[in-house]
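> Got a sequence here, can you build the structure:
(chains A and B)
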There are 2 protein chains.
Amino acid sequence: MAHTQSVRVGIDDAIPDSLLASFPAAAKIVRLPSDVYPGDEVHTYEIDFWIPPFFRSTAERVFAQLRGVKVAQALMAGVDWLLWLPPGITLCDGRTIHNISTSEWVLSAILSQIKRLPHYRDRQSQHLWDGQVAWAGGDKATDKKSSDEKNSPHPKPPQLLVLGDELHGKRVLIVGYGAIGEAIEQRLTPFGVEITRVARSPRSSNPNGPNATPPVHAVTELDQLLPLAQIVILILPMTPETRGLIDARRIALLQPGTLLVNAARGPVVDTNALVAALEAGKISAAVDVTDPEPLPPEHPLWHAPNCLITPHVAASTTGLLPRAFNFAATQVERYINGQPLENIVGKSGY
Amino acid sequence: MAHTQSVRVGIDDAIPDSLLASFPAAAKIVRLPSDVYPGDEVHTYEIDFWIPPFFRSTAERVFAQLRGVKVAQALMAGVDWLLWLPPGITLCDGRTIHNISTSEWVLSAILSQIKRLPHYRDRQSQHLWDGQVAWAGGDKATDKKSSDEKNSPHPKPPQLLVLGDELHGKRVLIVGYGAIGEAIEQRLTPFGVEITRVARSPRSSNPNGPNATPPVHAVTELDQLLPLAQIVILILPMTPETRGLIDARRIALLQPGTLLVNAARGPVVDTNALVAALEAGKISAAVDVTDPEPLPPEHPLWHAPNCLITPHVAASTTGLLPRAFNFAATQVERYINGQPLENIVGKSGY
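Prediction:
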């Protein structure tokens, strides 16, 4: 770990100064081009601490101009897009930066599916009110009644239809119990759900004290846990081990009606198997990530039933960049003071 | 209060026996017709304790056949549809029955609007992926670029667009702080919001002990509180005082960008004023109730911008009926034992 008074921090030229207000005075900000284009004059930049731009191809082109990089601080929770960095460079991920935005998206997606909001959105677009008052008259015709029933002096009495489900009481499996998984659990808890946690490394429960932690199952137990869940949340890093983790065989283990939520990376799920299970009416899904991405217009996932799709936007919120650069500033300060960095990415990719 | 060994409980014939399993043995269930039709033979039913059907017109027709009713136990939180009952009958509302379903709907509606899920649903219907990866190439043309930019050797660099908002940090005003309001607050708390509460009667904070309660402002302070909120949740009973409470004058007090959530009753909000504020882009809204209801197909609220509409379904969930009849069973038991009933509706309508 370098122990130096002044540290050169390489940051995209497009990042406004206002986001860098919390950087320590001993950090010398070196502005880097936002991208490199064919025919550009070749520059090189000597820096110690690099904050890569958010996109893989851009990051690769900019990195080719850098010299002396010791630390790369990603501002995303997942760093699968930066694993090509040479081994001599300490890569730190953005663990904690996305806790708020991604856990909020997960709750939004679950509740939206449970309350059938995509269905009601479609009905709203058609100016159609299909709620309980459509049934309130008792003598109103509905498309479920035969004409015999309509003409009967005793038509079918009004019924209070069950129009949505409840999150309350559901068994939820969180697959990938890191910082975002914990943030999801915090927000789920008041809804009265039963939560089970899975991670690469199992942890036994520590029920006491201010740092009490719940038990976490090993991913090797996944096949036993999947059939018990009603909601499965994927929020694990993408690594060679997790690619294709939720394949046709594991989807077949899910009970009918399970809601599968993917807030991790698209290739963690076998897309063809997902489409088949949705089309068979076996499960529902809510995904912020797909494989491939962007999802091409002709892809069958777009119109598979009971599937909510957002275009990889879960993390991208108003609060993200201030939080990200505040975290980067604390890391630069640690580096300057010779303190251990947080969020160092190991060989396993997280 | 009657003090009797056997109590006759009048219940809609369409309610399955399975929902009545928790009724005490001393309750004699009297099955009532689900509705009364012109030309039906005139029956009368002697009962003590009535569980009205869910719809006003049906309840009125059935009630005309009843004799001896001492208690009417509604299975809805709001009882504005039953206030025509003669004053000699004790009316109890369904306070607590809808805590779970309605508070879940409110969280769903808020998160859905904050995360722009209706927008993404529309994009999904069009098979359009408009997330950050559309901007990832840097050299990709986007419809925001001029053709000069597209042909430039230095096209606009990639940008991480801010694609959604966050619930975290928002100032939330709960208007109508009863049982459902408390249930909403419980579920909002882990999101890190700042909650202010309004009710008809102010209560000072009681911060200590197991029954700690937060401060509740009087509805007379509403005009001072509305301009401070970023999210306003209406979950108050409909009474002559609350009809039109959120009128054009009060909507004008809201700060631009406020999200107005109506989970109460449609006429609490002046619909024309709401439509005008939405069309002006001043606020967004999420409503489960409207005025009129059902909303006619030609009504401008259907296509007002940034408005999520569900057709009065918030309370209607899978868990509702079991919860409702379990509560009714405890009320019948209290009545049989001569204990005070819960949820007695006062002259003010709640």
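
> Now the stretch 251-350 of chain A against chain B: closest residue?
Scanning the stretch 251-350 of chain A for the residue nearest chain B gives A:Pro311, at 2.8 Å (criterion: CB to the nearest CB). C-beta here means a position set from N, CA and C on the backbone, and glycine is covered the same way.

> A strand includes that residue, no?
No - when classified by DSSP: H, G, I helix; E, B strand; the rest coil, A:Pro311 is found to be coil rather than part of a strand.

> and the closest residue to it other than its chain neighbours, how many residues sit next to it?
Here the nearest residue to A:Pro311 in space, its sequence neighbours aside, is B:Gly131; by CB to CB, 6 or more residues apart in numbering or on different chains that works out to 2.8 Å. Per other CB atoms under 10 Å in any protein chain shown, the neighbour tally for B:Gly131 reads 25.

> Please enumerate the strands of chain A.
Taking DSSP state E to define them, one finds strands in chain A at A:7-12, A:27-32, A:45-46, A:49-51, A:66-67, A:71-73, A:90-92, A:171-175, A:194-199, A:217-218, A:231-234, A:259-262, A:284-287, A:307-309.

> The residue nearest to A:Pro311 touches B:Leu163, doesn't it?
Yes - B:Gly131 lies in contact with B:Leu163 (CB atoms under 8 Å); the separation is 6.7 Å.

> can you list residues touching both of these two?
With contacts defined as CB atoms under 8 Å, 6 or more residues apart in numbering or on different chains, the residues shared by B:Gly131 and B:Leu163 are A:Val313, A:Ser316.

> Tell me the gap between stretch A:171-184 and the middle of its chain.
11 Å (CA atoms, centre = their mean, to the nearest Å).

> how far away is the nearest residue to A:Ser284 once chain neighbours are set aside from A:Ala109?
On the basis of CB to CB, 6+ apart, the spatially nearest residue to A:Ser284 that is not a chain neighbour turns out to be A:Asn306, at 3.7 Å. For A:Asn306, the distance to A:Ala109 (CB to CB, to the nearest Å) stands at 12 Å.

> Comparing these two, which residue is more hemmed in?
For the pair A:Asn306 and A:Ala109, the greater number of neighbours falls to A:Ala109 (27 against 18), based on other CB under 10 Å.

> Check the nearest residue to the more buried one once chain neighbours are set aside and give its pLDDT.
The spatial neighbour of A:Ala109 that comes closest, neighbours along the chain excluded (CB to CB, 6+ apart), is A:Ala286 at 3.7 Å. Here, the pLDDT recorded for A:Ala286 equals 98.

> Likewise for A:Asp35?
A:Asp35 is assigned a pLDDT of 88 by the prediction.

> Check A:Ile195 too.
Reported pLDDT for A:Ile195: 98.

> do A:Asp130 as well
Taking A:Asp130 on its own, its pLDDT is 84.

> what about it, neighbour count?
A count of neighbours around A:Asp130, defined by other CB under 10 Å, yields 18.

> so what's it up against?
Going by CB under 8 Å, 6+ apart, the list of residues near A:Asp130 reads A:Arg123, B:Pro311.

> For B:Ala285, see how far away it is.
As defined by CB to CB, A:Asp130 lies at a distance of 20 Å from B:Ala285.

> again with A:Leu234
The spacing between A:Leu234 and B:Ala285, counted by CB to CB, is 32 Å.

> just A:Arg171 next, same as before
Where B:Ala285 is concerned, A:Arg171 sits at a distance of 34 Å (CB to CB).

> Neighbour count for the two, which is higher?
Comparing A:Arg171 with B:Ala285 by neighbour count (other CB under 10 Å), the higher total belongs to B:Ala285, at 24 against 16.

> list the contacts for that one?
By CB under 8 Å, 6+ apart, the contact set of B:Ala285 is B:Leu259, B:Leu260, B:Val261, B:Asn262, B:Leu274, B:Leu278, B:Ala304, B:Asn306, B:Cys307, B:Leu308.

> same thing but 6 Å
Going by CB atoms under 6 Å, 6 or more residues apart in numbering or on different chains, B:Ala285 touches B:Leu260, B:Cys307.

> now swap in the one 4 residues further on and tell me
Listed by CB under 6 Å, 6+ apart, the contact partners of B:Val289 are B:Asn262, B:Arg265, B:Gly266, B:His312.

> can you list those residues in a markdown table and add neighbour count?
Putting the contacts of B:Val289 into a markdown table (neighbours: other CB atoms under 10 Å in any protein chain shown) gives the following:
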| residue | neighbour count |
| --- | --- |
| B:Asn262 | 26 |
| B:Arg265 | 23 |
| B:Gly266 | 19 |
| B:His312 | 24 |
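
> With respect to chain A, which of those is nearest?
The nearest member of the contacts of B:Val289 to chain A, counting by CB to the nearest CB, is B:His312 at 4.3 Å.

> Who are the contact partners of the residue sitting nearest the centre point of chain A?
What sits nearest the mean C-alpha location of chain A, by CA atoms, centre = their mean, is A:Ala263, with 2.8 Å. A:Ala263 makes contacts with A:Thr102, A:Val106, A:Ile235, A:Asp288, A:Ala314, as judged by CB under 6 Å, 6+ apart.

> Now intersect those residues with the helices, please.
Within the contacts of A:Ala263, residues falling in helices by DSSP state H are A:Thr102, A:Val106.

> among the contacts of A:Ala263, which are within reach of chain B?
Filtering the contacts of A:Ala263 for proximity to chain B (criterion: CB under 6 Å from any CB of the partner chain) leaves nothing.

> Near the residue lying closest to A:Ala77 once chain neighbours are set aside, how many residues? Count them for me, please.
Leaving out its chain neighbours, the residue that sits closest to A:Ala77 by CB to CB, 6+ apart is A:His98, at 4.4 Å. When counting by other CB under 10 Å, one arrives at 27 neighbours for A:His98.

> could you measure A:His98 against A:Glu104, distance?
Distance of A:His98 to A:Glu104, computed by CB to CB: 10 Å.

> Ok, A:Val268 next?
Here A:Val268 is placed at a distance of 20 Å from A:Glu104 (CB to CB).

> A:Pro311 too?
From A:Pro311 over to A:Glu104 (counting by CB to CB), the distance is 17 Å.

> Looking at these two, which is more packed in?
Set A:Pro311 next to A:Glu104 and count neighbours by other CB under 10 Å: A:Glu104 wins out with 27 against 24.

> The residue nearest to the more buried one when sequence neighbours are not counted: neighbour count?
Counting by CB to CB, 6+ apart, A:Glu104 lies nearest to B:Leu167, which is 5.6 Å off, once chain neighbours are set aside. Taking other CB under 10 Å as the criterion, the count of residues near B:Leu167 is 26.

> B:Leu167 against B:Ile114, yeah?
Yes - here B:Leu167 lies in contact with B:Ile114, judged by CB atoms under 6 Å, at a distance of 5.4 Å.

> Contacts only, for the residue of the stretch 101-250 of chain A found nearest chain B.
Using CB to the nearest CB, the point where the stretch 101-250 of chain A gets nearest to chain B is A:Gly131, with a distance of 2.8 Å. The neighbours of A:Gly131, taking CB under 6 Å, 6+ apart as the test, are B:Pro311, B:His312, B:Val313.

> Ok, A:Val71 next?
By CB under 6 Å, 6+ apart, the contact list for A:Val71 reads A:Phe49, A:Thr90.
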